[in-house]
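Engineer: With the input below, show me the fold.
(chains A, B, C and D)
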There are 2 protein chains.
Amino acid sequence: MPDRRPDPVFDLFNEIGIINQLSRAFFEARLPKGMLLPHFSVLNHLARVGEGRTPIEIARAFQVPKNSMTHTLGGLEARGLIETRPHPKDGRSKTVWLTDDGRRFRADAMDRVTRDMMPILPAMDAGELGTTLELLRTLRATLDRARD
Amino acid sequence: MPDRRPDPVFDLFNEIGIINQLSRAFFEARLPKGMLLPHFSVLNHLARVGEGRTPIEIARAFQVPKNSMTHTLGGLEARGLIETRPHPKDGRSKTVWLTDDGRRFRADAMDRVTRDMMPILPAMDAGELGTTLELLRTLRATLDRARD
DNA sequence: TCAATATAGTACGATATAGACCTATATTGA
DNA sequence: TCAATATAGGTCTATATCGTACTATATTGA
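Structural biologist: So this is what the prediction gives:
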């Protein structure tokens, strides 16, 4: 008879929630006042995945409501770290680009966080890290599909 | 020469952030209007780990600021799902207990969420799940220690 | 073709989250 | 012992988050 209550999955969500809190705190302690994790995450996303994305694409990538992303992008634009241009094909939409300041800011922040992250890494086995990432990606895809 | 940029760990944090969003949405879609994931999480924590905890202990368990926990507990108390009693040993503190309504509510919500979670489970290998939980607990402990 | 519907983004409002500061009680150590 | 310090919890405030409703543009299909 299979377990009727999937405790391990609840434990997993619980652990994920706690690590989310801790990593948010870790990052934000290394960002200037007023900059939050979502700001850094979006800059990083643009630098890694590519600029010229639309706000809705970015919102989907982070699985946050588009309103939240509008707000985050507003903060970045007010600080001059991104700029938006009209969408060449879709009049309803627009595209998001890093400014030079934004690129610089992101690189600096990344350096700072990376440096302080280094001592943490040895605690984790590379193989297990791979397995973990794989499982989390599966879980993410499944949850994504489960969302009617 | 080792990788100077711990991409996999950043990827891990990123995946964790996204799953956090998705699981929050999954749970909240199955809770009555106005009830949020933190409310359910605290009820569940009390039921599983034990009642009679102080607010500060609960805040530490979830790694959220005590103010946030005060707010969450306030919501639960206003709905009659928990009650607080003075701390027997510490006049500054108090203890948190489930009410009968709270126990009932938590059991019902758990049933609903568990039922809808069932189809998701086969996507995950039990062994990998164990490895993942272990690694995340290590990471959590490390981050916890890194926090000066 | 063009009416019906879908989608991108925004404005507004409600509420969660969390920082700074305050009060009361506990703990510590000279 | 008791002054100095630490801790639990709350208040006040700022802001992040996100739901609802709206406008403008795109897409669809009869």
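
Engineer: Dead centre of chain A: give me the residue that sits there.
Structural biologist: The residue lying closest to the centre of chain A (CA atoms, centre = their mean) is A:S41, at 4.3 Å.

Engineer: How about the contacts made by it?
Structural biologist: Counting by CB atoms under 8 Å, 6 or more residues apart in numbering or on different chains, A:S41 touches A:F62, B:N14, B:G17. Any C-beta I mention is one placed from the backbone N, CA and C, and that applies to glycine too.

Engineer: Could you pull out the buried residues of the helix or strand containing it?
Structural biologist: According to DSSP states H and E, A:S41 maps onto helix A:37-49. By neighbour count on 16 or more other CB atoms under 10 Å in any protein chain shown, the buried set for helix A:37-49 is A:L37, A:P38, A:H39, A:F40, A:S41, A:V42, A:L43, A:N44, A:H45, A:L46.

Engineer: ok, back up a step: drop anything exposed from the contacts of A:S41.
Structural biologist: A:F62, B:N14, B:G17.

Engineer: A:A61 is in contact with the last one, correct?
Structural biologist: Spelled out, that is B:G17. No. If you go by CB atoms under 8 Å, B:G17 and A:A61 don't touch, sitting 10.6 Å apart.

Engineer: Reformat the contacts of A:S41 as JSON lines; add distance to DNA strand D and secondary structure.
Structural biologist: JSON lines is the format used below for the contacts of A:S41 (distance: CB to the nearest atom of the strand, whole Å; DSSP: H, G, I helix; E, B strand; the rest coil):
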{"residue": "A:F62", "distance to DNA strand D": "9", "secondary structure": "helix"}
{"residue": "B:N14", "distance to DNA strand D": "15", "secondary structure": "helix"}
{"residue": "B:G17", "distance to DNA strand D": "10", "secondary structure": "helix"}
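
Engineer: In those residues, which has the lowest confidence score?
Structural biologist: When these are compared by pLDDT, B:N14 scores lowest at 93.

Engineer: where do the strands sit along chain A?
Structural biologist: Ranges of strands within chain A are A:82-86, A:94-98, based on DSSP state E.

Engineer: Looking at these, which one is packed in the most?
Structural biologist: Among the strands of chain A, the stretch with the highest mean neighbour count (mean count of other CB atoms under 10 Å in any protein chain shown) is strand A:94-98, at a mean of 17.

Engineer: average model confidence for that one?
Structural biologist: On average, strand A:94-98 scores 98.

Engineer: got any ranges where chain A has weak pLDDT?
Structural biologist: By pLDDT under 70, the weakly predicted segments of chain A are A:1-6, A:148.

Engineer: Looking at it, what residue ends up closest to DNA strand D?
Structural biologist: A:G91 (2.6 Å; CB to the nearest atom of the strand).

Engineer: how many other residues sit next to that residue?
Structural biologist: Neighbour count for A:G91, taken as other CB atoms under 10 Å in any protein chain shown: 8.

Engineer: List just the nearest of the contacts of A:S41 to B:E128.
Structural biologist: For the contacts of A:S41, the residue nearest B:E128 by CB to CB is B:N14; the value is 19.3 Å.

Engineer: mind listing what the closest one touches?
Structural biologist: Counting by CB under 8 Å, 6+ apart, B:N14 touches A:S41.

Engineer: The one 4 residues further on now?
Structural biologist: Residues near B:I18 by CB under 8 Å, 6+ apart: A:F62, A:Q63, A:R140.

Engineer: who touches stretch A:132-141?
Structural biologist: Contact with stretch A:132-141 is made by A:12, B:8, B:11-12, B:15-16, B:18-19, B:22, B:120, B:123-125, B:128-129, B:131-132, B:135-136, as judged by CB under 8 Å, 6+ apart.

Engineer: Could you identify the buried members of those residues?
Structural biologist: Buried residues within the contacts of stretch A:132-141, counting neighbours by 16+ other CB under 10 Å: A:12, B:8, B:12, B:15-16, B:18-19, B:22, B:120, B:124, B:129, B:131-132, B:135-136.
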